[in-house]
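> Following is a predicted model, sequence given first.
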Amino acid sequence: MADVAGALNFRDVGGLPAGSGVTRHGVLFRSGNLARVGEEGRAALRSLGLRHIVDLREDAEIAYEPTDLGDLPVVTRRVPLFAGSASSFFEEDVTLADLYRTLVDGSSEAIVQIVRGVVDDAPLLVHCTVGKDRTGVAVALTLAAAGVDEDAIVADYARTETLLPADRNARVLSYLQRLHPEARNLADLATRSPAPVMRGLLDDLRARFGAPVEFLRARGLSDDDVRELRRSLITD
């Protein structure tokens, strides 16, 4: 796992099994927000050779925790994955499964942009606020389109839960519980990445489209895009 001081839940998705191959290191990175990345963290990002960052957050999140990477030679592209406010999902007390269904159905064109970015913009970092839900879904579908083994996709998603600091989780949950005392899904929404939820999302896409990659094809990803993604991200 790459170590970038100040970056929450940062990692390289290299080394995941994909049939007879594996995902390349140094192509696709994922994380939570970069608001606390200082000089040491910027030096680590520079050493990775990052060219592009895709920020999946909405306006209020960026205003609250802005990114300042100084003179790091990297292009940041905003691709918000929520049609509305991220806080609305806490207010509506949705389940993670419902949240992810909303994400893929409501932000499919944005997800296709992210998948294409792995071909056009790598080395690429995709991040949201925590690197769990929006990042988790976008990266999972990118990996699925590249032919990564499903068990590995699910395990990479589930790994996030082990990387979120306990003090951070306690602080966030305490705050949310004060705002939404009747809500039942706060802990899942804020701190958890259960493997069955990602497995359920992939199963749902398979049931509706035949395969997760076919969902992306239905939303504009071309055969050439898929071939180039696999060439860029997978090595024997």
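Arrived safely.

> pLDDT weak spots in this protein?
Where the chain drops to pLDDT under 70, the residues are 1-2, 83-86.

> Helices of that one, start to end?
Using DSSP state H, the helices assigned to the chain run over residues 39-47, 59-64, 87-92, 96-106, 108-120, 134-146, 150-163, 166-179, 186-191, 195-209, 212-218, 223-233.

> what's the most buried one of those?
Stretch with highest mean neighbour count among the helices of the chain: helix 134-146 (a mean of 26; mean count of other CB atoms under 10 Å). In this view, the C-beta of every residue, glycine as well, is placed from N, C-alpha and C.

> What is it packed up against?
Packing partners of helix 134-146 (3 or more CB pairs under 8 Å, 6 or more residues apart in numbering; DSSP states H and E): strand 28-31, helix 96-106, helix 108-120, strand 124-127, helix 150-163, helix 195-209, helix 212-218, helix 223-233.

> Any chance of TSV for the ones you listed, columns distance to residue 49?
Putting the helices and strands packed on helix 134-146 into TSV (distance: least, CB to CB, whole Å) gives the following:
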stretch	distance to residue 49
strand 28-31	11
helix 96-106	29
helix 108-120	15
strand 124-127	11
helix 150-163	22
helix 195-209	29
helix 212-218	27
helix 223-233	14
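
> To residue 68, which of these lies closest?
strand 124-127 (14.3 Å; CB to CB).

> mind putting the helices of the chain in CSV, distance to residue 4 included?
Below are the helices of the chain laid out as CSV (distance: least, CB to CB, whole Å):
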stretch, distance to residue 4
helix 39-47, 4
helix 59-64, 19
helix 87-92, 27
helix 96-106, 25
helix 108-120, 19
helix 134-146, 15
helix 150-163, 12
helix 166-179, 16
helix 186-191, 21
helix 195-209, 24
helix 212-218, 28
helix 223-233, 20
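
> Quick one, which of the ones you listed gets closest to residue 17.
helix 150-163 (5.2 Å).

> from the middle of its chain, how far away would that closest one be?
11 Å (CA atoms, centre = their mean, to the nearest Å).
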